[in-house]
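J.: here you go, sequence then predicted model.
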Amino acid sequence: MNRVYNFGAGPAMLPTSVMERAQREFLDYNGMGASVIEISHRSKEFEALLTHTDELIREISGLPDDFEILYVHGSAQLQFSAVPHNLLDLNPAHKAAYLETGNFASLARKEASRFGNITVAATSESSNFDRIPDFDPATLDPDTSYVHLTSNNTIFGTRWNQFPDTGKIPLVADMTSELMSRRLDFNKFGLIFAGLQKNLGPSGMAAVLIRKELLGHALPNTPNLLNYETYAKNHSMPNTINTFAVYMMNLVLQWLKEQGGLPAMETLNAQKAKLIYDAIDNNDFYIGSAHPDHRSEMNVCFNLQDSTLDKKFLDEAQVRGLYALKGHRLVGGIRASIYNAMPMAGCQALVDFMQEFAQQNG
Ligand SMILES: *Cc1c(COP(=O)(O)O)cnc(C)c1O
């Protein structure tokens, strides 16, 4: 079997050893003679799996006890609806401030605008989202219910290196494309959410880390299954949870722990990204998309000096087993998504190819 180096942005590659283990265990979970996707979510075996997953998240990330872990349907974009429903009523003004750093940030802001008074507190749209905009939290109205940002901008290849200190106003972060890839100071956040399919598991579900004091403020017309309190009261099982997604995430987290957890992963991710950014910076043939001070370590976006060569680049890369390097349809060019599961060898193979391709076509 030939496995490619998969640079797709999401659903993205998972560690091969995790996939192999899932394959081995698929017909017979824990000696039960049934698959993990064939047993009741109310069984003691599944409850244990869910609790173990909670423990792994806390152990690996250092999540404090005053945060609740929720597993919520609908991946990241359903949280664009859930967040305003759950948090706008923290203040009667129903105001929220959104930091606009790309497509997903805009989608989140537009969805929230259907429910409250939403402002754009900072934006980098004028430079086509090639950077993180300056933002001074002192400019926020004190009656703002929450501030929303997208920590890593998957399409434009930027990230917040440092997070703003919004004081008493809860900071909400969409971390879909980087949760569990870097260490976090949870003190700065009120709520963090991530669709699983970039760094943590299969698509269809979101992990939501929410400060307990923010539960119980949902707008009265909030649908039951968008209300985070419903999930918190029922260990995320008010109805049938996505059992397969929980199982896969559990395996990914076990793998992450074996790799040395976040300190080791953070170091490796920085090295992987630097290898590719250096290849871009050291060759006029390539142009990095993001401002160097705001570069993502998960999604490396770049262009060929001569964009008519894009297709040739992508075709030849594919022949070499370097898969899904096409940039998002909104921006074109090339994007190498290098989440936790991408080994250094994959980044090296890409860099070798980039150098050869530049030599032959430059
Ligand atoms: C991929 C991605 C999403 C996608 O949302 P889904 O509902 O999971 O499809 C949202 N936000 C960010 C930052 C992403 O990278």
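T.: Noted; the coordinates are in hand.

J.: what sits closest to I192 if chain neighbours are left out?
T.: Excluding the flanking residues, the one nearest I192 by C-beta to C-beta, 6 or more residues apart in numbering is L209, at 4.5 Å. From N, CA and C alone the C-beta is placed, and that goes for glycine too.

J.: and the one you found, how many residues sit next to it?
T.: Close neighbours of L209, defined as other C-beta atoms under 10 Å, add up to 24.

J.: ditto for the one 10 residues further on
T.: By other C-beta under 10 Å, the residues close to L219 number 16.

J.: quick one, phi/psi of P64?
T.: Main-chain dihedrals, P64, degrees, to the nearest 10: phi -70, psi 160.

J.: need the contact list for it.
T.: Contacts here follow C-beta atoms under 8 Å, 6 or more residues apart in numbering; on that basis P64 touches F186.

J.: any figure for the gap between it and Q197?
T.: Going from P64 to Q197 by C-beta to C-beta, to the nearest Å gives 26 Å.

J.: before we move on, what about A324?
T.: Remark: distance between A324 and Q197 (C-beta to C-beta) = 13 Å.

J.: the more surrounded of the two?
T.: Shown here are A324 and Q197; by other C-beta under 10 Å, Q197 has more neighbours (24 against 19).

J.: residue numbers of the chain in contact with the ligand?
T.: Within the chain, the residues that sit near the ligand (C-beta under 6 Å from any ligand atom) are G10, S75, A76, Q77, F104, T150, T154, D174, T176, S177, G195, K198.

J.: any of the residues you listed buried? List them.
T.: G10, S75, A76, Q77, F104, T150, T154, D174, T176, S177, G195, K198 (16 or more other C-beta atoms under 10 Å).

J.: tell me where the stretch 251-362 of the chain has helices.
T.: 261-281, 310-319, 344-361 (DSSP state H, counting those that start in this stretch).

J.: and the longest one, what does it pack onto?
T.: Judged by 3 or more C-beta pairs under 8 Å, 6 or more residues apart in numbering; DSSP states H and E, the packing partners of helix 261-281 are helix 44-61, strand 286-288, strand 299-304, helix 344-361.

J.: what residues does the shortest one touch?
T.: Meaning strand 286-288. Contacts of strand 286-288 (C-beta under 8 Å, 6+ apart): Y277, A279, I280, D281, R295, C301, F302, N303, L304, Q305, M354, A358.

J.: run through the residues that contact the residue nearest to G327 when sequence neighbours are not counted.
T.: Spatially, and ignoring its direct neighbours in sequence, G327 is nearest to G333 (4.0 Å; C-beta to C-beta, 6+ apart). G333 sits next to S289, C301, F302, N303, L304, S307, D310, G327 when contact means C-beta under 8 Å, 6+ apart.

J.: do Q79 as well
T.: Contact analysis of Q79 by C-beta under 8 Å, 6+ apart lists V72, D174, F193, A206, V208.

J.: please check the residues you listed and keep the buried ones.
T.: Members of the contacts of Q79 classed as buried by 16+ other C-beta under 10 Å are V72, D174, F193, A206, V208.

J.: buried residues, the helix or strand harbouring Q23. List them.
T.: Here Q23 sits within helix 16-25, counting by DSSP states H and E. The neighbour-count check on helix 16-25 (16+ other C-beta under 10 Å) flags V18, A22 as buried.

J.: hmm, who's touching it?
T.: The contact list for helix 16-25 (C-beta under 8 Å, 6+ apart) reads R3, V36, Y247, M248, L251, V252, W255, A341.

J.: which pair of these spans the longest distance?
T.: R3 and V36 (23.1 Å; C-beta to C-beta).

J.: and stretch 32-48, average pLDDT?
T.: Per-residue pLDDT values across stretch 32-48 average out to 98.

J.: dump it to PDB, keeping only the CA atoms.
T.: Extracted C-alpha coordinates of stretch 32-48, given in PDB (Å, rounded to 0.1, in the frame of the first residue of the first chain):
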ATOM      1  CA  MET A  32     -16.600  -7.100  23.400                       C
ATOM      2  CA  GLY A  33     -17.000  -8.900  20.100                       C
ATOM      3  CA  ALA A  34     -18.600  -5.700  18.700                       C
ATOM      4  CA  SER A  35     -17.200  -2.600  17.100                       C
ATOM      5  CA  VAL A  36     -16.900   0.700  19.100                       C
ATOM      6  CA  ILE A  37     -19.500   2.100  16.600                       C
ATOM      7  CA  GLU A  38     -21.900  -0.700  17.400                       C
ATOM      8  CA  ILE A  39     -22.200  -0.400  21.100                       C
ATOM      9  CA  SER A  40     -24.500   1.900  23.100                       C
ATOM     10  CA  HIS A  41     -23.200   5.300  24.000                       C
ATOM     11  CA  ARG A  42     -24.800   4.600  27.400                       C
ATOM     12  CA  SER A  43     -22.700   1.400  27.900                       C
ATOM     13  CA  LYS A  44     -20.100   1.500  30.700                       C
ATOM     14  CA  GLU A  45     -17.400   0.800  28.100                       C
ATOM     15  CA  PHE A  46     -18.300   3.900  26.100                       C
ATOM     16  CA  GLU A  47     -18.700   6.000  29.200                       C
ATOM     17  CA  ALA A  48     -15.200   5.000  30.200                       C
END
